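Colleague: no sequence for this one, just the structure:
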């Protein structure tokens, strides 16, 4: 029962944000205009990715404490799901950037941060594939994953705040910072974030079960 | 207190041992030195001596960065195979990592000082605030050594050393590289100190945080 409830809530919230994200009325801002609706589709991807990576970080710590291989499979499943959201966030952002900034890619601290994040976690999968012994693989990749998560938070959470960014709300650009993220946007944005995190949990749990089945 | 002194002396002995090993194997030092001279001269040949501040700084960091990667890729060279068990019997993981981090930081500091000297020789020293520049160089070397040593330990324990350590370390070192090159650019143009101080502060915090993390995580790596 509990297993079903969160999936239903996730699907409902995501459908709600997909549909009402296009229908809702938006604040009238220069430059960004209608493309502000990408807040619901692009920014929620990054929130979901950070949530997935935080989950895998927590499971990595749990693994180092108890050395339970099921925990390690949960870590791997969550990281894979997080990568999916990272790529989706990157693509939705690139499409948005093409229309708002006029280029697919710019030298912006947040873009650099996300590119580095993807590199860091791709290295994680290369590391995992290279080790034969299950227990050793789990331990070494847990060590790397903990380190990687901390560096990711530094790169996407702290460094962009120290320099100006082209992103809405930074460096004087109009956008969704505290005073103009108004309630109409919040009403769609927060459900979208929660919905995508729930969907991500669902995907990760499916991947975890597949991993458990294919291990024998 | 007594146990702390014991640990300190043990760490000191380990560092001495690493240094002796390096000096005996003098081939490695000379190849690093030759790399530094060769690459600096290559840049000089291609670009001449009229580099702007920004490209001077970028090139210096690229040279230092690859020197650190080359140096760190050998940091567990003598702990492979059966020697691993020998080293485990003479020192615990916590002493090992502290000794390695201190040793590698000093080594990288030495290499980056040489690189700075070579750059000054070929292109002229354009640094306006040498103390701030040296501080940035030192903090950067510390950060590099922490990340590269840990990544190297991971690669060494996973049994595939050569390329894996670079793949693991490269994206992780970029935040530090970004911060230190900003500090050094400020030092070159002589920005007011309180502007540089915030970045130096965040770099110090980052160094301490990753150092602590490496110290806590290394014991899980250093077992079989």
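Modeller: Yep, that arrived. This structure is a prediction, so every number in the text was calculated from the model and none was measured. Numbering: from 1, shown residues only, chains lettered A, B, ... in the order given.
Colleague: Whatever residue of chain B ends up closest to chain A and residue A:85, how far apart?
Modeller: Closest approach between chain B and chain A, counting by CB to the nearest CB: residue B:171, at 3.9 Å. The way it works is simple: take the backbone N, C-alpha and C, and place the C-beta from them, glycine included. According to CB to CB, to the nearest Å, residue B:171 stands 18 Å off from residue A:85.
Colleague: What segments of chain B are helices?
Modeller: Using DSSP state H, the helices of chain B run over B:2-24, B:26-47, B:53-72, B:83-90, B:93-123, B:130-158, B:164-189, B:193-221.
Colleague: returning to that earlier point: what residues are up against the residue of chain B closest to chain A?
Modeller: Residues in contact with residue B:171 (CB atoms under 8 Å, 6 or more residues apart in numbering or on different chains) are A:116, A:119-120, A:123.
Colleague: and what of residue A:12?
Modeller: Residue A:12 sits next to residue A:195 when contact means CB under 8 Å, 6+ apart.
Colleague: Just the element for it, please.
Modeller: Here residue A:12, judged by DSSP states H and E, is contained in helix A:2-23.
Colleague: Only the buried residues of that helix, if you could.
Modeller: Of all the residues in helix A:2-23, those buried under the rule 16 or more other CB atoms under 10 Å in any protein chain shown are A:10, A:13-14, A:17, A:21.
Colleague: how about CSV for the residues you listed, with distance to residue B:199 and pLDDT added?
Modeller: Formatted as CSV, the buried residues of helix A:2-23 follow (distance: CB to CB, whole Å; pLDDT from 0 to 100):
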residue, distance to residue B:199, pLDDT
A:10, 41, 92
A:13, 40, 93
A:14, 40, 92
A:17, 38, 90
A:21, 38, 84
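Colleague: Farthest-apart pair in these, please.
Modeller: Largest separation among the buried residues of helix A:2-23 by CB to CB: A:10 and A:21, giving 15.9 Å.
Colleague: Touching, residue A:136 and residue B:220? I think so.
Modeller: No. Between residue A:136 and residue B:220 there is no contact under CB atoms under 8 Å: 10.8 Å.
Colleague: Disregarding residues adjacent in the polypeptide, which is nearest to residue 11?
Modeller: Picking chain A for this. Spatial nearest neighbour of residue A:11, excluding adjacent residues (CB to CB, 6 or more residues apart in numbering or on different chains): residue A:199 at 7.3 Å.
Colleague: that's the wrong chain, I wanted chain B
Modeller: Going by CB to CB, 6+ apart, residue B:11 has residue B:99 as its nearest residue, at 4.7 Å.
Colleague: okay, now that neighbour: neighbour count?
Modeller: Residue B:99: 20 surrounding residues under other CB atoms under 10 Å in any protein chain shown.
Colleague: do you know how far it is from residue B:70?
Modeller: Separation of residue B:99 from residue B:70 (CB to CB) stands at 20 Å.
Colleague: ok, back up a step: now mean pLDDT too, for the helices of chain B, in TSV please.
Modeller: Formatted as TSV, the helices of chain B follow (pLDDT from 0 to 100):
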stretch	mean pLDDT
helix B:2-24	84
helix B:26-47	86
helix B:53-72	85
helix B:83-90	83
helix B:93-123	89
helix B:130-158	89
helix B:164-189	86
helix B:193-221	89
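Colleague: wait, doesn't residue A:211 sit right on residue A:71?
Modeller: No. Using CB under 8 Å, residue A:211 is not in contact with residue A:71; the gap is 11.7 Å.
Colleague: quick one: which of these two has more around it?
Modeller: Higher neighbour count among residue A:211 and residue A:71: residue A:71, with 19 against 16, using other CB under 10 Å.
Colleague: For residue B:179, which residues are in contact?
Modeller: Applying CB under 8 Å, 6+ apart, the residues contacting residue B:179 are A:159, B:140, B:199, B:202-203, B:206.
Colleague: oh, I was asking about residue B:72
Modeller: B:104, B:108, B:144-145, B:148-149, B:151-152, B:165, B:169.
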